[in-house]
Structures are given as C-alpha cells and as structure tokens.
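S.K.: With the sequence up front, the predicted model follows.
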Amino acid sequence: MSTTVADVGEDWLLDPALAPNAHDPLLAPLYAGAARGELVLPSCGACGLALELEQRACDRCDSTDVVWAAVVPAGAVHSATTVHRRERGLVVATEPYPVVDVELDSGHRLVMTTLAPQRSAPAIGRAVRIGFRSVGGVAVPAAELSAAELSPVPPSDTEVTP
Ligand SMILES: [Zn+2]
C-alpha cells in the first residue's frame, strides 16, 4: 500500500477503509453538513445547551429534543496529545500525529486531528479554525492551524495527557 498522499481526497492519516458511515442515524447531520463545508452540531432544542455528538438528553433541562445546526467553525485547543501509532493498512501516516480536543466558540467540544500532518501537538489555548479532511470520500472535522503553528515545536510544554 502506498503511503504517498498525492491524490486529491486522499487523507494523510487514515486509509479510506476507515471512512466513517456518513449515513449513521445518529451522526448523519454532522456528515451531511461537513460535506457542504459546514460544522453542524447538536444542541438542546429546549434550552440551547451544546450537546455531545451522541447525547440524547440535555444535561440541564432533561429535554430529548435535539436540534442540529451549523455553528461557527472556530475554537481553541482544550487539550492535545501526540499519538505514536503504526497500523499497517489503516494508518497511512508514518510520523507521530496530534489528537486535539477543541473547545468550540459554540460551547461544543470535539476531538479531532489536524487538517495537515504535524509531528507535535498544538499549544493549549491555541486558536483554531475547523476545516475538513476527507477519509474515503467522507468529510470529517479537522483542526486548521496557521503556518507558524505547523513548524515542529519542542514537545515538553505542548503535550498534555488528558
Ligand atoms: Zn436543555
């Protein structure tokens, strides 16, 4: 299997076989939005509280009315870690890669990797935009960092184990 990321739409991290099911009944609104370039996330239809992706009832008011809507695709790094993983045939990246827990301006939290390969985790509190990777043709959220942030930085003060 080639590890060259050359074709448009080929992900830098995962083999296309790991594409999520865009028609998953719980997460279909997320993937449909991502395909349009929008970050669509669930909130409570009664009180507006930001919900976790697969949350079915509101923590604040117990409502089970879940409303999916586009949110501003921006936030900050809440925590981040660098993963060293080789899984031939599934993980195509040959270098360590960051996994980032992003606290979005909308109040949602979302775990993702970066839009472009990066050997180290971004700094905590770093502002990020949310872009989209394509894994086997399915768009998935990814943290977009500025060019300056893409340079390798010493890991000692940037890695956090959640
Ligand atoms: Zn609520």
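M.R.: Nice, I can see it. These numbers were taken from a predicted model, which means no experiment stands behind them. Residues are numbered from 1 along each chain as shown.
S.K.: so after the helix or strand hosting A32, what's the next helix or strand?
M.R.: Assigned by DSSP states H and E, A32 belongs to helix 28-35. Per DSSP H and E, the first helix or strand lying C-terminal to helix 28-35 is strand 39-44.
S.K.: The helix or strand just after that following strand and the ion, are they touching?
M.R.: Per DSSP H and E, the first helix or strand lying C-terminal to strand 39-44 is strand 66-71. No - residues of strand 66-71 contacting the ion under CB under 5 Å from the ion: none, with a closest distance of 9.6 Å. C-beta coordinates here come from the backbone N, C-alpha and C atoms, glycine included.
S.K.: do the same with stretch 33-52
M.R.: Yes - among the residues of stretch 33-52, C44, A46, C47, L49 lie within reach of the ion under CB under 5 Å from the ion.
S.K.: among those residues, who's most crowded?
M.R.: C44 (21 neighbours; other CB atoms under 10 Å).
S.K.: Bridging across strands, which residues link to the residue nearest the centre of the chain?
M.R.: In the chain, the residue lying closest to the centroid (CA atoms, centre = their mean) is M112, at 2.6 Å. For M112, the beta-bridge partners are V100 (DSSP bridges).
S.K.: distance of it from the ion?
M.R.: Taking CB to the ion, to the nearest Å as the measure, M112 and the ion are separated by 25 Å.
S.K.: my guess is V140 is in a strand, correct?
M.R.: Yes - looking at V140 with DSSP: H, G, I helix; E, B strand; the rest coil, it is inside a strand.
S.K.: Distance of it relative to I124?
M.R.: Computed as CB to CB, to the nearest Å, the V140 to I124 distance reads 23 Å.
S.K.: These two: which has the busier surroundings?
M.R.: Comparing V140 with I124 by other CB under 10 Å, the one with more neighbours is V140, at 19 against 16.
S.K.: Just say helix, strand or coil for the closest residue to the more buried one other than its chain neighbours.
M.R.: Of all residues not flanking V140 in the chain, R133 sits nearest, at 5.3 Å (CB to CB, 6 or more residues apart in numbering). At R133, secondary structure determined by three-state DSSP is strand.
S.K.: Isn't R133 up against E144?
M.R.: No - with contact defined as CB atoms under 8 Å, R133 does not reach E144; the gap is 10.1 Å.
S.K.: Spell out which residues are contacts of both of those two.
M.R.: By CB atoms under 8 Å, 6 or more residues apart in numbering, R133 and E144 have these common neighbours: L115.
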